[in-house]
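Trainee: next comes the sequence, and after it the predicted model I'd like to discuss.
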Amino acid sequence: MAQTLTPSGSAHYIDRRAVERWHPFLHLYFESMEAGIAELRSLAQQFGETSKPELLRMLHLRCHGLKGASETVGFKGLASLLRRLERQLEKDLVVPGRISAGELIKQIETIASVYRASREMFGKPSAEEETNASGQDPRSR
Amino acid sequence: MPAAKILVADDEPFIARSLSYVLQRSGFDVYVAKDGEEAYQLVEKVRPNLVILDVMMPHRTGYEVCQHIRSREDLRAMKVIILSAKGQASDLEEGLPAGADAYVPKPFSPAEIIAMVQDLLGEAAA
C-alpha cells in the first residue's frame, strides 16, 4: 500500500537563501509548477485500476522535473513530497499496481496544497525587484 | 569575437528558461532543447561550444546525448556539463565516464553555472 502524504511542518520547509538567489525567477518557477500540477492531475485521471507503463513513465518524468525545480529554488518541503511520489512511481514501474488512482490523486492534491501555501508566502516579485536583482526584466525577454 | 554558443537541454521549463536568461545576460548565444531528441538535433545543427544537459529527459537521456557527442571526432571540442536532480554518487559515476567535463547536482545557483561555463570555455567565453 502506498503511503499517503499529508501536509506537515516539514512539508513547508523553505531554504530562504536559495529562494533569495532565485527570487527574480520565481514567477517562472510558479508558472512551471502550475502547468506541471495540471499535467499531473490530467495524467492521474487517466490512471485506471491497472498501471499503464507509458502513463507511469510520463508521471514519473514530470514529477522528477518538478522536484528538481523545487529543490533548486529552495522549496525543500515541496521537493521532498515530490521525491516521495517519484519513488513510489519508480516502484510501480517495477511492480505495477502498488499505487491506486485514488491514492495518486490524493498525493497530487497534497502537493498542490503545499505549493499554494509556498506561493502565498512568497508571491510574485515586483518588476522593480526583478530589474534590481538582474539588471534587466526577465519577463521582457 | 562572436559570442560563444551554449545549448541548454532540460525538459523542466523553469530550469531551461532561467538558465537561458542568466546565460544570455552574461553575453552567450543560447539555444534551448526541451528533450533529448531535440538536443541531439541542435548539437548537429548549431554546433554549440558548450552543452548543458539534464540527465532525465524524454526520448534520450543526457548521458546518451553526451556519449553521442564524445563518439564523434568533429564534436569532441564541445564542452559538456551534466545537470542532475538526483544528486547521487551514482550519477557522478555515470556522468563522467559518459564523457562530461563537469557534473552539477541540483540544487545549484545561477552564479555557480555561470562560473563553471566561463571556466570551461576559458578564452572562448563571451
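Mentor: Happy to help now that I have it.

Trainee: B:M78 versus B:R70, what's the distance?
Mentor: Note on B:R70: its distance to B:M78, by Cβ to Cβ, to the nearest Å, is 9 Å. C-beta: built from backbone N, CA, C; applies to glycine.

Trainee: okay, the two: which has more neighbours?
Mentor: Of the pair B:R70 and B:M78, B:M78 is the one with more neighbours under other Cβ atoms under 10 Å in any protein chain shown, namely 20 against 16.

Trainee: residues contacting that one?
Mentor: B:43, B:47-51, B:69 (Cβ atoms under 8 Å, 6 or more residues apart in numbering or on different chains).

Trainee: the residues you listed in strands, which ones?
Mentor: B:50-51 (DSSP state E).

Trainee: for chain A, which residues are neighbours of chain B?
Mentor: Within chain A, the positions near chain B by Cβ under 8 Å from any Cβ of the partner chain are A:18, A:21-22, A:25, A:28-29, A:31-33, A:35, A:61, A:64-69, A:71-74, A:134-136, A:138, A:141.

Trainee: from those residues, keep the buried residues only.
Mentor: Applying a neighbour-count criterion of 16 or more other Cβ atoms under 10 Å in any protein chain shown, the buried members of the residues of chain A next to chain B are A:18, A:21-22, A:25, A:28-29, A:32-33, A:61, A:64-69, A:71-74, A:134, A:138.

Trainee: shaky segments in the chain?
Mentor: In the absence of a named chain, chain A is used. Within chain A, the stretches with pLDDT under 70 are A:1-12, A:49-51, A:123-141.

Trainee: actually chain B
Mentor: In the prediction, chain B carries residues with pLDDT under 70 at positions B:85-97, B:123-126.

Trainee: now do the strands in it.
Mentor: If DSSP E is used as the criterion, the strands of chain B fall at B:5-9, B:29-33, B:50-54, B:79-84, B:102-105.

Trainee: of those, which is nearest A:K91?
Mentor: Within those, the stretch nearest A:K91 is strand B:79-84; the backing value is 20.4 Å (Cβ to Cβ).

Trainee: gap between A:Q88 and A:L66?
Mentor: Going from A:Q88 to A:L66 by Cβ to Cβ gives 15 Å.
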